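Peer 1: Provided below for reference: sequence and predicted model.
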Amino acid sequence: MISEFAGSSTSDLWLSQYRDCACEPLCLTVEKARFVIAVHAGHGPACREYLGASAFMAEFEAAY
Ligand SMILES: [Zn+2]
């Protein structure tokens, strides 16, 4: 899943920013939320990065 983002310094930055499953994802944008969801997919309900990004996308999709 990560391969589609490989080679970009932006994705390296986001990876280091959002790699900790115990932390809520901060300062999300739609692109970052999609990235976090791709990176943390399958981590289960204990992964707060995934939950936070999912909630962000749900809000975004509800608003538009
Ligand atoms: Zn995770």
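Peer 2: Looks like it came in fine. Worth saying up front: this structure is predicted, and the values here are computed from it rather than measured.

Peer 1: list the buried residues of whatever helix or strand residue 60 lives in.
Peer 2: For residue 60, the host element (DSSP states H and E) is helix 48-63. Using 16 or more other Cβ atoms under 10 Å as the test for burial, helix 48-63 gives 48-54, 56-57. (C-beta placed from N, C-alpha, C; glycine too.)

Peer 1: could you restrict those to the ones contacting the ion?
Peer 2: residue 49 (Cβ under 5 Å from the ion).

Peer 1: switch the buried residues of helix 48-63 over to CSV; also include distance to residue 63 and pLDDT.
Peer 2: Shown next, in CSV, are those (distance: Cβ to Cβ, whole Å; pLDDT from 0 to 100):
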residue, distance to residue 63, pLDDT
48, 22, 98
49, 21, 98
50, 20, 98
51, 19, 97
52, 17, 97
53, 16, 97
54, 15, 96
56, 11, 96
57, 11, 96
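
Peer 1: tell me which of the buried residues of helix 48-63 is nearest to residue 10?
Peer 2: When these are compared for distance to residue 10 (Cβ to Cβ), residue 53 wins out at 16.3 Å.

Peer 1: check contacts around the residue nearest to that closest one when sequence neighbours are not counted.
Peer 2: Leaving aside its sequence neighbours, residue 53 sits nearest to residue 36 (Cβ to Cβ, 6 or more residues apart in numbering; 3.8 Å). Applying Cβ atoms under 8 Å, 6 or more residues apart in numbering, we find residue 36 in contact with 14, 18, 25, 28, 49-50, 52-53.
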